[in-house]
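S.K.: starting from these lines, generate the structure:
(chains A and B)
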Amino acid sequence: SQTIHQWPATLVQPVGSPLSLECTVEGTSNPNLYWYRQAAGRGLQLLFYSVGIGQISSEVPQNLSASRPQDRQFILSSKKLLLSDSGFYLCAWSSQGAQPQHFGDGTRLSIL
Amino acid sequence: DAKTTQPPSMDCAEGRAANLPCNHSTISGNEYVYWYRQIHSQGPQYIIHGLKNNETNEMASLIITEDRKSSTLILPHATLRDTAVYYCIVRARTQGGSEKLVFGKGTKLTVNP
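M.R.: This is a model prediction of the structure:
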């Protein structure tokens, strides 16, 4: 069966520090991969999605970037974090076509 | 992108059926309706999805009206662990042609003992 892993589960970082969140999927090949952010008390916002290695699309302009160095690995990064980057970051995967997305357990990021 | 409208909150007694409504009057012919739920501090959990026929799985049933403008998620025997925010989503296309989930505010379902 397919599984998705995100780490770390929680992270506290100072303003201006770099960020790297990792997401990996097991049990499937060539998945679509997604990064979402959920601000406190709000819905999920799609940040990035990828349909293949090295293929990244951004949904909203922001201080973050994403990369997909391997088929089942998706990384969310920032060179310098802002206070507004705080939130709950979720990685998801789906098969091709009208298939449901499956989410990881998320990373709760707090910026001080 | 089709929008969805859900009641902000609902209550249900443990052991009874929970019926969660969703309006999606602007849905287009090739858009699916997806249901997810999110328990506090966890990632959303996929429940069920459908196009125009009613669907059932081990978690829930999905009833879609014939005109597809609304749907109802049914949890046949709600338990305390079903307390969560339930999201009804119509799958929208991203700018690049892939598909994204647009989450609204959902329905906060509270199952009471």
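S.K.: beta partners of residue A:110?
M.R.: The partner list for residue A:110 in beta bridges (DSSP bridges) reads residue A:12.
S.K.: for it, give me its contacts.
M.R.: A:10, A:11, A:12, A:13, A:86 (C-beta atoms under 8 Å, 6 or more residues apart in numbering or on different chains). Placement of C-beta: from N, CA and C, glycine included.
S.K.: ok, so of the residues you listed, who is nearest chain B?
M.R.: Distance to chain B, by C-beta to the nearest C-beta, is smallest for residue A:10 among the contacts of residue A:110, at 9.9 Å.
S.K.: before we move on, back to that, if you rank the contacts of residue A:110 by neighbours, which is first?
M.R.: residue A:86 (18 neighbours; other C-beta atoms under 10 Å in any protein chain shown).
S.K.: residue A:109 is in contact with that one, correct?
M.R.: Yes. In this structure, residue A:86 is within contact of residue A:109 by C-beta atoms under 8 Å, at 5.9 Å.
S.K.: distance-wise, check residue A:47 relative to residue A:11.
M.R.: Here the criterion is C-beta to C-beta, to the nearest Å. By it, residue A:47 lies 16 Å from residue A:11.
S.K.: leaving out chain neighbours, which residue sits closest to residue A:28?
M.R.: Excluding the flanking residues, the one nearest residue A:28 by C-beta to C-beta, 6 or more residues apart in numbering or on different chains is residue A:2, at 4.8 Å.
S.K.: surely the one you found touches residue A:93?
M.R.: Yes. Using C-beta under 8 Å, residue A:2 is in contact with residue A:93, at 7.4 Å.
S.K.: mind checking which of those two has more residues around it?
M.R.: residue A:93 (25 against 12).
S.K.: how about the strands of the chain, start to end?
M.R.: Picking chain A for this. Secondary structure of chain A (DSSP state E): strands located at A:3-7, A:10-13, A:19-26, A:32-38, A:44-52, A:55-58, A:65-70, A:73-78, A:87-94, A:102-103, A:107-111.
S.K.: my bad, the chain I had in mind was chain B
M.R.: Going by DSSP E, chain B shows strands at B:9-13, B:18-23, B:33-38, B:45-50, B:55-56, B:61-64, B:70-75, B:84-90, B:92-93, B:99-100, B:107-112.
S.K.: rank these by pLDDT, which is bottom?
M.R.: Ranked by mean pLDDT, those bottom out at strand B:92-93, with a mean of 64.
S.K.: go ahead and flag the most central residue of chain A.
M.R.: In chain A, the centroid-proximal residue (C-alpha atoms, centre = their mean) is residue A:35; its distance is 3.1 Å.
S.K.: my guess is that residue contacts residue A:44, does it?
M.R.: No. Using C-beta under 8 Å, residue A:35 is not in contact with residue A:44, being 10.3 Å away.
S.K.: identify the contacts common to those two.
M.R.: residue A:90.
S.K.: close to chain A: what parts of chain B are there?
M.R.: Within chain B, the positions lying close to chain A (C-beta under 8 Å from any C-beta of the partner chain) are B:32, B:34, B:41-46, B:49, B:87, B:91, B:94-96, B:98-106.
S.K.: buried members of the residues you listed into PyMOL, please.
M.R.: Selecting only the buried entries of the residues of chain B next to chain A in PyMOL, with 16 or more other C-beta atoms under 10 Å in any protein chain shown as the criterion:
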select buried, chain B and resi 32+34+43+44+46+49+87+91+94+98+99+100+101+102+103+104+106
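S.K.: great, nothing more from me.
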